[in-house]
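**Q** My questions concern the predicted model and sequence given below.
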Amino acid sequence: MVEPAQKLIDTVAWVLIENGRILCARPRGKDVFFIPGGKREGDETDLQTLVREVAEELTVDLAPDSAVHVGTYEAALADGHDTVVRMACYTADYRGVLTASSEIEALAWFGFGDRDSVPPVDQLLFDDLAAAGSLR
């Protein structure tokens, strides 16, 4: 839960799992991989944010009517600031070929053993996916 003195970063993420591994992306200029997605703009809904961010990062089109909420997670940033990241996670079908856009330097498929390579809020998702048997 976000305390009054904390800043909230409100994000939405796309959970794509294949063969027990989850798709992660590393933005240009960053050294950490994230679950694809990003910050809400204005009064966008979760699905509007998800569709826009995934198109911008991975050049594919999500099918909003296929989206299923996986969970919403909150964790403090790893750098010790008074900032909490909230990440609403969805699965959804897509059309197109997964391709890193100019915003993304690298794509990778991570298993549970790669958990320490992602931010704290993403680690919570990894834990739930592993417990459900979806992530190896």
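**A** Received the coordinates, thanks.

**Q** where in this protein is pLDDT low?
**A** 1-5, 80 (pLDDT under 70).

**Q** Tell me which stretches of it form strands.
**A** Along the chain, counting by DSSP state E, strands occupy 7-14, 17-18, 21-27, 37-39, 61-62, 68-76, 83-91, 94-95, 104-110.

**Q** got those strands as TSV, with distance to T49 columns?
**A** (Glycine included, C-beta is placed from N, CA and C.) Shown next, in TSV, are the strands of the chain (distance: least, C-beta to C-beta, whole Å):
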stretch	distance to T49
strand 7-14	4
strand 17-18	20
strand 21-27	16
strand 37-39	7
strand 61-62	11
strand 68-76	13
strand 83-91	8
strand 94-95	15
strand 104-110	17
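
**Q** Adding distance to S134 and mean neighbour count, write these out as JSON lines.
**A** Listed next are those as JSON lines, based on distance: least, C-beta to C-beta, whole Å; neighbours: other C-beta atoms under 10 Å:
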{"stretch": "strand 7-14", "distance to S134": "14", "mean neighbour count": "19"}
{"stretch": "strand 17-18", "distance to S134": "6", "mean neighbour count": "12"}
{"stretch": "strand 21-27", "distance to S134": "8", "mean neighbour count": "20"}
{"stretch": "strand 37-39", "distance to S134": "18", "mean neighbour count": "19"}
{"stretch": "strand 61-62", "distance to S134": "19", "mean neighbour count": "19"}
{"stretch": "strand 68-76", "distance to S134": "9", "mean neighbour count": "15"}
{"stretch": "strand 83-91", "distance to S134": "10", "mean neighbour count": "19"}
{"stretch": "strand 94-95", "distance to S134": "18", "mean neighbour count": "12"}
{"stretch": "strand 104-110", "distance to S134": "12", "mean neighbour count": "15"}
